[in-house]
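# Pasting a predicted model and its sequence here:
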Amino acid sequence: MSNVIDTWTFEQHESAARGYCRRFKTVFSSAIGSLMTDVNGEEYLDFLAACGSLNYGHNDADMSKALIEHISSNGLSASLDLFTHTKAKFLQSFYQLILKPRQLDYRIQFTGPTGTNAVEAAMKLARKITGRNNI
């Protein structure tokens with residue numbers, strides 16, 4: 001197997017249901033913060049930010065450390081809405097650092113791992129707030 005990676009591999013073996021890469025034919029190998037680096041060492045400013053899911057950039061050192069510690073301690077990675085020790089610690093910290101100082105009486109919604117779950121939660125919230133049965 002060759003170490004050379006070009007777009008041919010993707011064009012031959014990946015589904016045609018892709019968009020950004022059609023006009024931006026660059027193969028990326030690493031990223032940190034807001035910079036992405038391609039296989040030739042060229043750096044690019046990442047304006048996509050994984051469609052908004054990377055608000056803190058790629059591979060933030062503190063987040064990477066916390067994730068590695070969590071995985072190394074056999075922490076759960078997909079527990080849906082089950083109670084977990086890690087979730088309890090997060091909720092307690094969020095309350096103490098964010099909600100309590102601002103005197104906010106909010107509850108946190110943990111959606112599932114798909115966009116469908118997020119849309120469903122948003123629809124339920126809209127119904128609750130408006131008091132209507134439809135949107």
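Here it is on my side, so go on. Numbers count the residues shown, from 1 in each chain.

# what's the weakest-modelled helix or strand in the chain?
Taking mean pLDDT, DSSP states H and E as the measure, the chain has helix 49-52 as its least confident helix or strand, at a mean of 77.

# so how far is it off the chain centroid?
8 Å (Cα atoms, centre = their mean, to the nearest Å).

# which strands and helices sit next to it?
Packing contacts for helix 49-52, counted by 3 or more Cβ pairs under 8 Å, 6 or more residues apart in numbering; DSSP states H and E, involve no helix or strand. Every C-beta, even on glycine, is put in place using the N, C-alpha and C of the backbone.

# ok, then the element right after it?
Heading C-terminal from helix 49-52, the first helix or strand you meet, by DSSP states H and E, is helix 61-72.

# Determine how far that following helix lies from the middle of the whole chain.
15 Å.

# Then stretch 110-123?
Remark: stretch 110-123 is offset 13 Å from the chain centroid, using Cα atoms, centre = their mean.

# contacting residues around that stretch?
When contacts are defined by Cβ atoms under 8 Å, 6 or more residues apart in numbering, stretch 110-123 is touched by residues 78, 80, 81, 87, 109, 135.
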